[in-house]
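# pasting the structure only:
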């Protein structure tokens, strides 16, 4: 089935916005180290600045997405991102760039990603028929996967051969192109939202998720996966260096398998979705992460690089299948006027789990051992799979009906 023209415009804007994000995310730490002489503390500050908006701005973005035209909100966010990215080459040319300024600009660019991640899933049901939700979300995730796989190498090449400014000029142009595509996006008018207090609107969204038999395990599984993933992220690089004896190039190749897995997962989703029931498609994501965790755990006893490479590949496949399935489920069961808030609540919960997982992984790795941290992450991936398996989600044969 051919997707409607309005959605195709959203898909192209998504590809452009995701590419802008990945190029800037990869170029910023390179700029910090090569131009500003930053060390681990400096790159850590930059990473925190780039992730903090997901925790702080998800709920405000969700509230806005439910109260104003979503297309307009996304255009504003992309223009802010484009302006912030375009400012960087100016600061570099004027020799005025500092690490705090780079971190501040990184936070501003991440704001565009937060808004897009909240508003785009809320907009999709208005652009495509209900029967095409899964394939529409597959297209969006395939674009994200391609940007994830191609963005960092492209950014590294530009920084190496043309300087840091070139990477950010490209990212700004991509973000501006996304805004232009979004500006011409059709969006049906919605009835004006009644005046309400912010606390009441947030409480309404939270109650809806917490009481819903399908959305509650979806959120719990997402939180468990992010906790486990960041436990693993905190321990893997020192484990790869000290236990597996890998060089920076080898570690980069292993972690690059994650992006390859994302592309493979997005390509696999339509084939798998046509052959298994809808709930099985959703549960296959957490199951793939269990298989990935098993490969990572095996590398603590068998120090072969192929095992973590397989693990990272499967970690790329699983979340894409999961994201396509659970996003479609959320769109199907959530009332249209609450889609922004529900997406924001899921994003905020998973974002809050990330620093906790990273701190836990670092603490266990330091006090007990790197192998213990990797095994703890593996146990967490098993737990998140058990949460979804024990829920009604895997038994869904097709999209459920919307809530009343």
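Alright, I've got the coordinates. Quick caveat, the model's predicted, so the values are computed rather than measured.
# How about the secondary structure of residue 213?
coil (DSSP: H, G, I helix; E, B strand; the rest coil).
# Quick check on the residue sitting furthest away from the middle of the chain: phi, psi?
Residue farthest from the centre of the chain, counting by C-alpha atoms, centre = their mean, is residue 94 at 33.7 Å. When read as degrees, to the nearest 10, the backbone of residue 94 gives phi -80, psi 0.
# Please apply the same query to residue 37.
The phi/psi pair for residue 37 (degrees, to the nearest 10) reads phi 70, psi 30.
# next one: residue 397
phi -80, psi -30.
# Can you mark which positions in the host helix or strand of residue 326 are buried?
Using DSSP states H and E, residue 326 sits in helix 306-333. Residues of helix 306-333 classed as buried: 307-333 (neighbour count, 16 or more other C-beta atoms under 10 Å). In this view, the C-beta of every residue, glycine as well, is placed from N, C-alpha and C.
# show me where the stretch 151-300 of the chain has helices.
Under the criterion DSSP state H, counting those that start in this stretch, the stretch 151-300 of the chain carries helices at the ranges 164-183, 198-211, 215-242, 248-273, 278-298.
# need the ones you listed in CSV with mean pLDDT and distance to residue 54, can you?
Formatted as CSV, the helices of the stretch 151-300 of the chain follow (pLDDT from 0 to 100; distance: least, C-beta to C-beta, whole Å):
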stretch, mean pLDDT, distance to residue 54
helix 164-183, 92, 18
helix 198-211, 86, 17
helix 215-242, 88, 11
helix 248-273, 83, 19
helix 278-298, 96, 20
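# related to what we said a few turns ago, got the angle for the helix holding residue 326 vs helix 248-273?
Helix 306-333 and helix 248-273 are oriented at 40 degrees to each other (axes from the mean of the first three to the mean of the last three C-alpha atoms, to 10 degrees).
# and helix 306-333, how far from the chain's centre?
Distance, stretch centre to chain centre, for helix 306-333: 11 Å (C-alpha atoms, centre = their mean, to the nearest Å).
# what's the next helix or strand after it packed up against?
As assigned by DSSP H and E, the chain's next helix or strand after helix 306-333 is helix 339-367. If contacts are counted by 3 or more C-beta pairs under 8 Å, 6 or more residues apart in numbering; DSSP states H and E, helix 339-367 sits against helix 40-56, helix 58-67, helix 99-127, helix 198-211, helix 215-242, helix 306-333, helix 370-389.
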